[in-house]
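In: sequence first, then the predicted structure:
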Amino acid sequence: MNFKYQLLGLSTSLALCVSVHATDSTSSAAALNASASGHSNISQSAPAPGMLKIADFVPRSISLNLTTDSRTPEEFRIQTPDAAFIKVHFDYFNLPAGAYVEVTNPAGTEKYTYGPEQKSAMTFDPNIGEDGVRSFAAMSITGPEAVIRLINTGQARWDSNLHGVEINRYLEGYPQAVIDEIMASDAGLLGDDTRSTCGINERRDAVCFASSNPTEFERSRPTARLVISGGGLCTAWRVGPDNRVFTNNHCIDSQADVSGVEAWFNYQRTSCGSGPVDTTTKVSGNSLLKTDFTLDYTLFTVNNFSSISSFGFYGLDVRAPSSQERIYIPQHGAGNPKELAITSDQNTGGVCRIDVVSANGYGTGTDTGYFCDTIGGSSGSPVLAASSNKIIALHHFGGCTNQGVRIDRIWPQVASFFNNQIPDGDNGSPPPPPPPPPGNCSFEDDFGTSQGWTIDGASNCSTGTYVRANPTQQSSSGVITQVGGDSDGNGFAVFTATNSSAGNADVDGGVCIARSPSVSVSQASTLSIDWFHGQRDTGDDASGDFYRLEYSTNGGSSFIPMVSIGDTRTTAQWSTATANIAAGSNVVIRVSTSDGAGPGDIVEGGIDNVSICSQ
């Protein structure tokens, strides 16, 4: 093993936490005893899931400060010759207006900006004391060097008793060679080669199948590499057209975990077996929607959702698997760029198949089994039925047979997050065209700056008046009433007041209404708005409790509904609404959130990422 990483405490026993059962974030061994009936059993003792580590913290003390009149950027570089990535953690971050920090690679092709007026995507982990405001982590920088610059635009009023930037550590990604050593060490104990790879290893770079299996290659697009706070690795995938992402509960199981995670889309090689990695899009976790230990799933949302739209989404195949039906698995096992498992030397016809229809996982009959190759880090991967090219299971165990939780077991628990409509995938659809360039947009507002929104004259609520800030997640009685974070990752949205707790400063005593400036539209365009609504109670005030998002094409004389939700319990989550706008329109947008006279209601609402762009 590489001596440097031994010094960092990364002997195999520390880098991989072994569990009783072979979760494929660890791939430790547990035997499955298949019966003639096609039903399998595993140890009934509750497993203690581990996590394949692909990174670790390295201490580094850096202080960034400015003098009042300094316009020369203060710059530090973190250089590690063989690091796969560097993720900077800010232990204290407080800048005056006019100052900001850039975290970038040396070429400037990957850059994130943090300051009072702008904030790129970030992560924060409350488990290590980060609050997402004064302490947080920048998004990871791919490669062995990260540049950190503190910049003064010339207007910053620096107070040395208040302002400053302190870095005490960073997360360093192991080079692939070290991960391979970790996976190979103690293989008999960890089972990576003999108990999750069934026969010869037939996982290959996704691009290797671009010509021979174009459908399977195309259907690998919504799969992402999940880099977890502290350096853990799993796989995740986008499902349905809205902001929904699945992984395993044993990978992330709390809001704190979601806030600390990065999802890397399009992390795959451009050539079969070697060559550079394609341009990768990284997004951070936003809100935990639902998680369950027994079915080992977590459903969550991400920030900057629009940036991953080109990678498509999966549909769900909600049915019992059929014995010997063909399957395939896109995955990010062993820290590798995206791979596909399609073929199997253990199966008839040399392709992956369902070998055990019903198997015991953390619960009785929750799983299905297969010899399709996986490895540590493949936990959370989608298992697709070749007949529909939709998800039939959520992979989580190694063991040959390997196992996934059946989607028909998971669906009843998550159906409400999909409006009780089984999501269909964008199978076969080419990536959507990029959004029109800024010159073709009549109006764009991510609320990073004030662009003339006002409180409507008809607004009469006593609390909950709309503000431009960053929402903080609140929940009551198991219902998320206010989202955690804005929709596009810049730290700003317009919503019904910042809450210190659920029910504190939510809408009360009437309707809160915010209104946009008037926008002249010269070309046929699409109006797009990200929105959320959260309400704890249902049915006690049919006329007084509602959320409405509307637009006018005649300067505000009359309005057309985009979203209208009545007096019903609603979990707050970012979604997107669109409308066609005719050339010559004079557009005004209005958002209303109301709490009527019914007792004890908690009602919230908000919008973000508004655009009117030509079609």
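Out: Thanks, I have the structure now.
In: please enumerate the helices of this structure.
Out: 3-7, 12-15, 176-184, 187-190, 214-218, 255-259, 407-414 (DSSP state H).
In: comparing those by mean pLDDT, which bottoms out?
Out: Lowest mean pLDDT within those: helix 12-15, a mean of 29.
In: count of neighbours near the residue lying closest to T496 once chain neighbours are set aside?
Out: Excluding its sequence neighbours, the residue lying closest to T496 (C-beta to C-beta, 6 or more residues apart in numbering) is G464, at 4.2 Å. All C-beta spots, glycine's among them, are computed from the backbone N, C-alpha and C. Neighbourhood size, G464 [other C-beta atoms under 10 Å]: 25.
In: confidence score at G464?
Out: Reading off the model, G464 has pLDDT 89.
In: any idea how far it is from T593?
Out: Distance, G464 to T593, using C-beta to C-beta, to the nearest Å: 7 Å.
In: and if you look at N389?
Out: N389 sits 40 Å away from T593, going by C-beta to C-beta.
In: could you do F265 as well?
Out: F265 is 33 Å from T593, by C-beta to C-beta.
In: measure the nearest residue to S543 once chain neighbours are set aside to D541 for me?
Out: Spatial nearest neighbour of S543, excluding adjacent residues (C-beta to C-beta, 6+ apart): G596 at 6.4 Å. Look at G596 and D541: by C-beta to C-beta, they are 4 Å apart.
In: ditto for K111
Out: From K111 to D541 the distance is 48 Å (C-beta to C-beta).
In: quick one: contacts for the nearest residue to G115 once chain neighbours are set aside?
Out: Nearest residue to G115, sequence neighbours excluded (C-beta to C-beta, 6+ apart): Y100, at 2.9 Å. Neighbouring residues of Y100 by C-beta atoms under 8 Å, 6 or more residues apart in numbering: T113, Y114, G115, P116, E117, Q118, L150, I151, T153.
In: for A597, same thing?
Out: D541, G544.
In: which pLDDT value belongs to it?
Out: So, for A597, pLDDT stands at 72.
In: hey, what's the residue nearest to the spatial centre of the chain bridged with?
Out: Computing the C-alpha centroid of the chain and ranking residues by C-alpha atoms, centre = their mean puts V302 first, at 3.4 Å. When assigned by DSSP bridges, V302 has beta-bridge partners G285.
In: let me see the contact set for it.
Out: N243, V245, A263, V283, S284, G285, N286, I308.
In: quick check: the fourth one vs G132, distance?
Out: Pointing back at V283 there. When distance is defined by C-beta to C-beta, V283 is 16 Å away from G132.
In: who's more crowded, the two?
Out: V283 (24 against 20).
In: quick one on the thing from earlier: list residues touching both of G596 and D541?
Out: D567.
In: so Q176 sits against G377, correct?
Out: No: in this structure, Q176 is not within contact of G377 by C-beta atoms under 8 Å, at 11.7 Å.
In: backbone phi and psi for T538, please?
Out: Here is the backbone geometry of T538 (degrees, to the nearest 10): phi -140, psi 140.
In: and it, how many neighbours?
Out: 15.
In: what pLDDT does the model give the nearest residue to it once chain neighbours are set aside?
Out: Excluding its sequence neighbours, the residue lying closest to T538 (C-beta to C-beta, 6+ apart) is R569, at 4.2 Å. The score at R569 is 85. That number is its pLDDT.
In: could you check how far N389 is from F76?
Out: Distance from N389 to F76, by C-beta to C-beta: 48 Å.
In: just give the number of residues close to A341.
Out: 30.
In: partner residues bridging it?
Out: Bridge pairing for A341 - DSSP bridges - gives R203, I329.
In: hang on, it packs against I329?
Out: Yes: between A341 and I329 a contact is recorded at 4.5 Å, counting by C-beta under 8 Å.
In: the bottom helix or strand of this protein by mean pLDDT?
Out: helix 12-15 (a mean of 29; mean pLDDT, DSSP states H and E).
In: any regions of the stretch 401-550 of the chain where pLDDT drops low?
Out: 428-439, 502-503 (pLDDT under 70).
In: domains for this structure, by residue range?
Out: Domains of the chain are assigned by automatic domain parsing as 3-30+48-52+177-418, 55-173, 438-614.
In: tell me which of those domains lies nearest to D424.
Out: Closest to D424 of the domains of the chain is domain 3-30+48-52+177-418 (C-beta to C-beta; 4.3 Å).
In: okay, and the common contacts of G464 and T593?
Out: With C-beta under 8 Å, 6+ apart, G464 and T593 have common neighbours T496, V507, C512, V603, E604.
In: can you put the residues you listed in a markdown table and add neighbour count?
Out: Formatted as a markdown table, the shared contacts of G464 and T593 follow (neighbours: other C-beta atoms under 10 Å):
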| residue | neighbour count |
| --- | --- |
| T496 | 29 |
| V507 | 28 |
| C512 | 29 |
| V603 | 31 |
| E604 | 31 |
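In: looking at those residues, spot the one nearest V483.
Out: Taking the shared contacts of G464 and T593 together and measuring to V483 by C-beta to C-beta, the closest member is E604, at 8.4 Å.
In: what sits against that closest one?
Out: 464, 474, 481-482, 495-496, 499, 506-507, 532-535, 572, 593.
In: which one of the residues you listed has the most neighbours?
Out: F495 (32 neighbours).
In: just list whatever residues bridge to it.
Out: V467, G606.
In: quick check: it touching P471?
Out: Yes: counting by C-beta under 8 Å, F495 touches P471, with 5.0 Å between them.
In: find the residues that touch each one of those two.
Out: Q482, V483, G606.
In: between those residues, which is closest to D426?
Out: Once C-beta to C-beta is applied, the member of these that ends up nearest D426 is V483, at 24.8 Å.
In: any chance you could read off phi and psi for that closest one?
Out: phi -70, psi 160.
In: what does stretch 92-99 contact?
Out: Contacts of stretch 92-99 (C-beta under 8 Å, 6+ apart): 66, 101, 114-117, 133-136, 150-159, 162-166.
In: quote the end-to-end distance of that stretch.
Out: 15 Å (C-alpha to C-alpha, to the nearest Å).
In: compute the mean per-residue pLDDT across it, please.
Out: 90.
In: now it: buried residues?
Out: For stretch 92-99, a neighbour-count test (16 or more other C-beta atoms under 10 Å) marks F93, L95, P96, G98, A99 as buried.
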